[in-house]
Structure formats: structure tokens, C-alpha cells
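Have a look; sequence and predicted model below, questions after that.
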Amino acid sequence: PRLRSHLSSIAPDNGGALVDASALQAGDILLTSVETLNSIGIRLGTFSPVSHAVLYLGEGQVAEAVGSGVRARSIGEVLHEEHMVVAFRPQGLEPEHARKLREWALDRVGTRYNTAGVLLQALFVLNRRVCELPGVPAPVRHYCVSGLAFVQLGVSRNDQFFCSQFVLEAFNQAGAPITAADPRWVSPADLLHMREGDVPSIPAHQPLRYVGHLKYQPTVMAGDGLIP
């Protein structure tokens with residue numbers, strides 16, 4: 001039920017909009033899902049309709065961290081392969097920030113995927129639910145999540161990346177951080193909850209602005225899985 005509510009809350013027919021790639025700006029964050037077992041498992045585990053984060057570099061190009069490592073590809077390839085693609089825009093991003101984002105991201109192409117980090121992050125997402133129980137005051141929730149992250153995730157590294165870690169580290173390196181949290185604490189679901197009007201578990205410096213859906217194929221719960 002919670003997953004269904006998150007799906008409807010960002011649907012184009014519920015106050016959203018379908019847009020094409022011309023609406024994108026360098027530095028936009030694309031949150032996506034695809035109908036694979038891995039993606040479905042991530043979405044069920046995080047109670048979220050998204051399972052992957054991609055950085056838009058401008059000029060029709062994106063960069064992302066996937067199992068084979070960091071890669072650059074076209075926005076057309078993303079739209080062809082993904083089941084849903086929704087864009088959000090960080091506030092206050094200057095052209096110089098966007099240039100640095102692009103340069104840093106492209107310099108990381110070929111960097112190894114942070115397999116150990118994403119596995120630890122998945123465990124952290126499950127365990128931190130105790131910090132997010134209804135009625136827990138926001139300051140207590142923040143310290144609980146922070147303390148658990150330091151214990152379970154340790155010190156950050158920037159020589160390997162998983163998807164949302166890569167996106168957030170790019171903003172850090174460009175001098176336009178989205179959150180004070182360590183990038184390894186943050187999942188694609190956390191980025192989704194940093195949007196305007198939501199209540200994030202991991203606070204952002206400023207809420208992300210919804211740009212629109214570049215692709216949307218409704219998905220609903222059926223039995224113990226997801227079907228279109």
C-alpha cells in the first residue's frame with residue numbers, strides 16, 4: 001500500500017507532467033526504474049517506485065554508476081531501457097557548477113562500481129527503519145540515522161561508486177552539495193523524498209524541484225510482486 005501511494009504521488013495524472021528531453025538542464029537528477037528482478041527488489045526493499053539515479057550532463061548525455069562501473073551514454077538510451085524516468089532539479093545550480101559536474105563525471109568513466117558499498121547501504125536502509133518510526137521527533141530521527149550510518153557504513157571513499165553515491169559526489173566535487181550527509185548513506189529513494197513537499201529522512205540543503213516525467217508506465221502491486 002505504501003508503495004502504491006508513492007507511485008500515485010508522482011504520477012503525471014496526479015499533478016505531474018510528461019516532458020521531453022528538451023526540458024532538461026545540466027545537473028538535473030533522473031530517478032528511474034526498470035522491470036527487472038533487481039530493480040523490483042530494490043523498490044520493494046525501500047518502499048519506493050525508483051531504484052536508480054542518473055546525472056544529466058547536458059547536450060543529451062548522462063553519466064551513471066552501474067554494475068560494470070561508471071559510464072556515459074545518451075538520454076535516448078535511458079528512455080529506451082527504463083520503465084519510468086522522472087527528473088528533479090537542484091536549486092541554485094550555476095553554469096560553473098554544471099561545468100564542473102560534467103568534467104568530474106566524465107573523468108570518472110570506467111571507475112569501478114561500489115558493490116560492497118551498495119550491499120552495506122541496502123542493510124543500512126533496512127536497519128534505519130527503527131529511527132523512522134511514526135512519532136519519532138525529527139532531531140532524534142536525524143541523530144539516530146547518523147549514528148547508525150557511522151557504525152554500519154564507516155568512512156566514505158570516492159574511488160568506487162554506486163548510483164546515488166556517484167550523483168551526490170558529483171555535486172560535492174562541483175561545490176554545490178545537495179546534502180550534508182555522506183553520499184553512501186543516500187539511496188535513490190532518499191533522493192526522491194528530497195523533492196519539494198516531501199519529508200526526507202536524510203535532509204537536503206534545499207528541496208529538489210520536480211521537472212517532470214520523461215517516461216511513465218504505471219505499476220501496481222499484485223500479489224507479492226509488481227506488474228505494469
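Okay, I see it. What you are looking at is a predicted structure, and each value in this text was computed from that prediction instead of being measured. Residues are numbered from 1 along each chain as shown.

From the centroid of the protein, which residue is nearest?
Most central in the chain under C-alpha atoms, centre = their mean is Pro188, positioned 2.7 Å from the mean C-alpha point.

Surely that one touches Ser51?
Yes - here Pro188 reaches Ser51: they are 5.9 Å apart, a contact under C-beta atoms under 8 Å. (Each C-beta comes from the backbone N, C-alpha and C, glycine too.)

Quick check: nearest residue in space to Ala105, chain neighbours excluded?
Distances taken as C-beta to C-beta, 6 or more residues apart in numbering place Ala63 nearest to Ala105, at 3.9 Å, with adjacent residues excluded.

Now do the helix or strand harbouring the one you found: distance to the chain's middle.
Following DSSP states H and E, one finds Ala63 within strand 61-66. Its chain's average C-alpha position is 12 Å from that of strand 61-66, according to C-alpha atoms, centre = their mean, to the nearest Å.

Which strands and helices lie in contact with that strand?
strand 52-58, strand 69-74, helix 75-81, helix 163-173 (3 or more C-beta pairs under 8 Å, 6 or more residues apart in numbering; DSSP states H and E).

can you rerun that using 6 Å?
Packing contacts for strand 61-66, counted by 3 or more C-beta pairs under 6 Å, 6 or more residues apart in numbering; DSSP states H and E, involve strand 52-58.

Endpoints of stretch 171-178, how far apart?
End-to-end span of stretch 171-178 (C-alpha to C-alpha, to the nearest Å): 7 Å.

and His52, how far is that from Asp198?
According to C-beta to C-beta, to the nearest Å, His52 and Asp198 sit 19 Å apart.

let me redo that: Gly135
18 Å.

And these two? Which one has more around it.
Using other C-beta atoms under 10 Å, the more surrounded residue of Gly135 and Asp198 is Asp198, with 15 against 5.

The more buried one - that's part of a strand, no?
No - Asp198 sits outside any strand when classified using DSSP: H, G, I helix; E, B strand; the rest coil, being coil.

So which residues make contact with stretch 79-99?
Under the contact criterion C-beta atoms under 6 Å, 6 or more residues apart in numbering, stretch 79-99 has outside partners 26-35, 174, 176, 178, 195, 206, 208-211, 213-217.

just checking, Arg108 touches Val70?
Yes - the pair Arg108 / Val70 is scored as a contact, 4.7 Å apart, by C-beta atoms under 6 Å.
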